[in-house]
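K.L.:
Have a look at this prediction, sequence included:
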Amino acid sequence: MENVVLTIHLLLAIALIGVVLLQRSEGGGLGMGGGGGAVSGRAAATALGKVTWILAAAFIVTSITLTIIAAQNAAGVSVLDRLTDAPPAPEASTPALPDAETLLPPPSGDTAPLTPTAD
């Protein structure tokens, strides 16, 4: 469910950006913009303006829906609670040194103990 709403949300965001970029500038912003004419209190609603309002409303609805879904999935657990409840990290211990027998190569040749001989 969350993935479906998120996909719709992303498509609405892209569509909203496209519709806003297609609209003609109606002036006022930083002294730039399109033509003058008489200054009126409200501009005539165009088709692109109506589409922009519809997309914006749908974008807000999906934003609120995603927020509600995320809150339900959180199950009342705070990030700070997760940090304090986390088990302590294991301390880095120095590796044990190997035994001397494993470091020395196996004896070669005659390995019989030396014993004195009687003549």
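P.N.:
Good, I have the coordinates.

K.L.:
Only C-alpha atoms from now on, for both contacts and neighbour counts.
P.N.:
Will do.

K.L.:
How about the helix or strand in which residue 16 is found, which residues are buried there?
P.N.:
Element membership for residue 16, per DSSP states H and E: helix 2-22. Residues of helix 2-22 classed as buried by neighbour count (16 or more other Cα atoms under 10 Å): 9, 12, 13, 15, 16.

K.L.:
where exactly do the helices run in the chain?
P.N.:
With DSSP state H as the criterion, the chain has helices at 2-22, 47-74, 79-85, 100-103.

K.L.:
Now tabulate those in CSV and tack on mean pLDDT.
P.N.:
Shown next, in CSV, are those (pLDDT from 0 to 100):
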stretch, mean pLDDT
helix 2-22, 95
helix 47-74, 92
helix 79-85, 69
helix 100-103, 62
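
K.L.:
can you count the residues close to residue 57?
P.N.:
Per other Cα atoms under 10 Å, the neighbour tally for residue 57 reads 13.

K.L.:
Kindly report the same for residue 26.
P.N.:
Residue 26 sits with 12 neighbouring residues when counted by other Cα under 10 Å.

K.L.:
Kindly report the same for residue 55.
P.N.:
Counted with other Cα under 10 Å, residue 55 comes out at 19.

K.L.:
With the one 10 residues further on instead?
P.N.:
Residue crowding around residue 65 was assessed by other Cα under 10 Å; the count is 16.

K.L.:
From residue 71, how far out is it?
P.N.:
10 Å (Cα to Cα, to the nearest Å).

K.L.:
Over to residue 1?
P.N.:
According to Cα to Cα, residue 1 stands 14 Å off from residue 71.

K.L.:
Which one's more surrounded, these two?
P.N.:
Regarding residue 1 and residue 71, a neighbour count based on other Cα under 10 Å identifies residue 71 as having more, with 12 against 7.
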